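Asker: Turn this into a model:
(2 chains)
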Amino acid sequence: MSSRRKKYKRQPQPPMPKKYCRFRKHGIKHVDFKDKDFLMKFINEQGKLLPRRLTGTSLKYQRKVNVAVKRARHLAILPFVADGLK
Amino acid sequence: MNQYETVIILTPVLSEQQMKDAVTSYRELITSNGGELIHEENWGLNKLAYPIQKKGTGFYHVFEYKANPDFIELLKLNFQRDENIMRELTLKLDKHAMDFNEKKRNGHFDRKREERRAAEAAAEAEAEVEQTGEEA
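Answerer: Predicted structure coming up:
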């Protein structure tokens, strides 16, 4: 039986473009909490922070993004909760 | 002397002149207490991401200045006593932040975005003109 069953092999996927940390690449050392458009790149449409594995940000700058987003929320530049932000 | 940055949100209830007076009073408070104003920015009446004190808009103003740490306590006390201030955030700037703000002032970042914003502002102004024209 087992010999007749068709074996499914995972098809080789085209390689994903390598993720990179945009702060390291462009030499940005400071995350500005006043810049709404920039911070929008790091939150999803509910206004939640995106994980590092999706944005590719290095740990050092992810922490800074985290703080910046929270400061922006305090100043009502970004919402705490939202629906369909993007 | 440390370098600080303060963002305040004033209530939209104020008129344009009252808002300017309030900002001037804080500017004088900073300079009269041995502070040194480096830069300030008025964003005007902006929409809030969520309502604060049941208000959907607010006047944003950003101060960047050098001051003694003792002064910050005084400034915060003044903010708390002022009913016109809906929110405030005061931060001590590190060397990277100072560098960043200076570059930003000199227009190092995102020329395209500024152009886009200018274009949007122009489009909005046009829309407003059309609206007022219809009302008239």
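
Asker: If we look just around chain B, which residues of chain A are in range?
Answerer: By the rule Cβ under 8 Å from any Cβ of the partner chain, the part of chain A lying against chain B is A:28-30, A:32, A:34, A:37, A:71, A:73-80, A:82. C-beta here means a position set from N, CA and C on the backbone, and glycine is covered the same way.

Asker: how close does the residue nearest the centre of chain A get to A:Lys70?
Answerer: Computing the C-alpha centroid of chain A and ranking residues by Cα atoms, centre = their mean puts A:Thr55 first, at 3.1 Å. Going from A:Thr55 to A:Lys70 by Cβ to Cβ, to the nearest Å gives 17 Å.

Asker: Run through chain A and note the low-pLDDT ranges.
Answerer: A:1-3 (pLDDT under 70).

Asker: What are the boundaries of the helices in it?
Answerer: A:22-26, A:36-39, A:52-55, A:59-74 (DSSP state H).

Asker: And the last one, what's buried?
Answerer: The reference is to helix A:59-74. By 16 or more other Cβ atoms under 10 Å in any protein chain shown, the buried positions in helix A:59-74 come out as A:61-62, A:64-65, A:68-69, A:71-74.

Asker: cool, and the first one?
Answerer: By neighbour count, and taking 16+ other Cβ under 10 Å as the criterion, the buried residues in helix A:22-26 are A:22-23.

Asker: contact partners of it?
Answerer: A:28-29, A:31, A:55-58, A:60-61, A:64 (Cβ atoms under 8 Å, 6 or more residues apart in numbering or on different chains).

Asker: In contact with the residue most central in space within chain B, which residues are there?
Answerer: Centroid-nearest residue in chain B, with Cα atoms, centre = their mean: B:His61, separated by 1.3 Å. By Cβ under 8 Å, 6+ apart, the contact list for B:His61 reads B:7-8, B:10, B:23, B:40-43.

Asker: In a helix, B:Gln80, correct?
Answerer: Yes. According to DSSP: H, G, I helix; E, B strand; the rest coil, B:Gln80 belongs to a helix.

Asker: pLDDT wise, what is it at?
Answerer: With respect to pLDDT, B:Gln80 scores 93.

Asker: That one: how many residues sit nearby?
Answerer: Number of residues near B:Gln80 (other Cβ atoms under 10 Å in any protein chain shown) recorded here: 10.

Asker: Same question for B:Val7.
Answerer: As a measure of burial, B:Val7 has 22 neighbours, counting by other Cβ under 10 Å.

Asker: Could you tell me whether it really is in a helix?
Answerer: No. According to three-state DSSP, B:Val7 belongs to no helix; its state is strand.

Asker: which ones are touching it?
Answerer: Counted by Cβ under 8 Å, 6+ apart, B:Val7 has contacts A:34, A:75, B:60-63, B:87-89.

Asker: same thing with B:Glu88?
Answerer: B:6-9, B:76, B:79.

Asker: what lines up beside the strand or helix carrying B:Phe63 in the sheet?
Answerer: In this assignment (DSSP states H and E), B:Phe63 forms part of strand B:55-67. Counting by DSSP bridges, the strands paired with strand B:55-67 are strand B:2-10 (antiparallel), strand B:36-52 (antiparallel).
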